[in-house]
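Participant: this one's structure only:
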């Protein structure tokens, strides 16, 4: 799971700035052939480091049984981490942080439904916001695994770099009162592209899509994805703290691209769960090009809707406006530009 040790090296160097006397690092890779390289790359870090070669499930189970709970676990399973989530949660202290990396870009984005059902207990159809659907399925899986143990989780930071997905969650001793309402289904009309969201806690029949109303010749259907997380993807308090640290860094502490990522995520709480591609809106209006995102956001806010640019995928808008209202606003913007 550690590869050449670059991520462990980064954690060690950054942790040493904060509390070098009270922090230690445990770096593990299941491949014993990696040990010489790991030891070479990590020999000069300024905090105590333990390097092991043990199957991840065994290491996490042993830590739990021995009562050695981690403050932070950063896990990269080089694929889908589903089988390791519950052992990781049990090996994490309450209030601790779980980072997960997934490089499975096919299953959770709707291109391998069988694979998604096996690895995530969920499935999505191909969707213009496929990267976000992948993040929501993975958070939903972690939440369900935590709830089975009687714990709660809080998403702190969620983003994608292409088809590599990263989620960061805090483990809570117990569920919050509204946690269960954050697990649900997202539907998309295969006729007009309209979207609808329902929490599993209050699941009911899907109302017919408005594109089919009054015209029985037109047959459309809802394409359902889930179960997945329909609550916020980001925690503003955490991102404010990260941004403050980033802006106060001196020298080469943070790259401009990382700063832009934090600012982008801070501007988008990841709620509501309905996201629209401006390219798709343009296509459905048969217009010459997508509406300028900043104009679209201002128009939606002026009409009383929630609206912000998506922090997960570029060129997308997050809003609670229904599709007909959204298209009408886009059309009005287009007329103003003529």
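Facilitator: Received, thanks. What you see is a predicted model, and the numbers here were worked out from it, not measured in a lab.

Participant: CA only for contacts and neighbour counts going forward, please
Facilitator: Will do.

Participant: and the helix or strand harbouring residue 94, which strands flank it?
Facilitator: When elements are assigned from DSSP states H and E, residue 94 belongs to strand 92-102. Strand 92-102 has the following strand partners under DSSP bridges: strand 70-76 (parallel), strand 164-172 (antiparallel).

Participant: tell me which of these sits most buried.
Facilitator: Per-residue neighbour counts averaged over each of the strands paired with strand 92-102 give the maximum for strand 164-172, namely a mean of 21 (mean count of other Cα atoms under 10 Å).

Participant: can you list contacts of the next helix or strand after that strand?
Facilitator: Under the assignment DSSP H and E, the closest C-terminal helix or strand after strand 164-172 is strand 183-189. Applying Cα atoms under 8 Å, 6 or more residues apart in numbering, the external contacts of strand 183-189 come out as 140, 194-201, 209, 220-231, 273.

Participant: ok, of these, which come out buried?
Facilitator: Buried positions within the contacts of strand 183-189, assessed by neighbour count (16 or more other Cα atoms under 10 Å), are 140, 194-200, 209, 220, 222-231, 273.

Participant: can you list contacts of the next helix or strand after the strand holding residue 94?
Facilitator: Using DSSP H and E, the helix or strand that follows strand 92-102 towards the C-terminus is helix 113-120. Helix 113-120 is touched from outside by 80, 82, 83, 107, 108, 122, 123, 124, 125, 137, 138, 141, with contacts defined as Cα under 8 Å, 6+ apart.

Participant: likewise stretch 73-84?
Facilitator: Residues lying outside stretch 73-84 but in contact with it, judged by Cα under 8 Å, 6+ apart, are 1-2, 56-57, 88, 92, 97-104, 119-120, 141.

Participant: now a ChimeraX select for only the buried ones of those residues.
Facilitator: This is the ChimeraX syntax for the buried subset of the contacts of stretch 73-84, where burial follows 16+ other Cα under 10 Å:
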select :1,2,56,57,88,92,97,98,99,100,101,102,103,104,119,120,141
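
Participant: what comes into contact with the helix or strand hosting residue 331?
Facilitator: Taking DSSP H and E as the criterion, residue 331 maps to helix 323-337. Contacts of helix 323-337 from elsewhere in the structure, counted by Cα under 8 Å, 6+ apart, are 193, 194, 195, 281, 285, 287, 291, 295, 296, 299, 300.

Participant: helices along this structure, start to end?
Facilitator: 6-18, 35-42, 56-66, 85-90, 113-120, 130-148, 236-248, 256-266, 278-285, 293-302, 323-337 (DSSP state H).

Participant: residue 161 is nearest to which of these?
Facilitator: In terms of Cα to Cα, the element of the helices of the chain nearest to residue 161 is helix 130-148, at 9.2 Å.

Participant: can you give me the buried ones in that closest one?
Facilitator: For helix 130-148, the neighbour count (16+ other Cα under 10 Å) marks 130-147 as buried.

Participant: got TSV for the strands paired with strand 92-102, with mean pLDDT and distance to residue 249 too?
Facilitator: As requested, the strands paired with strand 92-102 are arranged in TSV below (pLDDT from 0 to 100; distance: least, Cα to Cα, whole Å):
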stretch	mean pLDDT	distance to residue 249
strand 70-76	92	22
strand 164-172	95	22
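
Participant: would TSV of these with distance to residue 267 be doable?
Facilitator: Rendered in TSV, the data for those read as follows (distance: least, Cα to Cα, whole Å):
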stretch	distance to residue 267
strand 70-76	25
strand 164-172	17
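
Participant: so which of those is nearest residue 39?
Facilitator: Across these, the minimum distance to residue 39, taken as Cα to Cα, is reached by strand 70-76, at 18.6 Å.

Participant: the closest one to helix 56-66, inter-axis angle?
Facilitator: For the pair strand 70-76 and helix 56-66, the angle between their directions (axes from the mean of the first three to the mean of the last three Cα atoms, to 10 degrees) equals 170 degrees.

Participant: how is this structure divided into domains?
Facilitator: For the chain, automatic domain parsing gives the domain ranges 6-179, 274-338.

Participant: which one of these has the most crowded surroundings?
Facilitator: Burial among the domains of the chain, expressed as mean neighbours by mean count of other Cα under 10 Å, is greatest for domain 6-179, which shows a mean of 18.

Participant: one step back: which of the contacts of helix 323-337 scores worst on pLDDT?
Facilitator: Looking at pLDDT alone, the contacts of helix 323-337 dip lowest at residue 287, where the score is 77.
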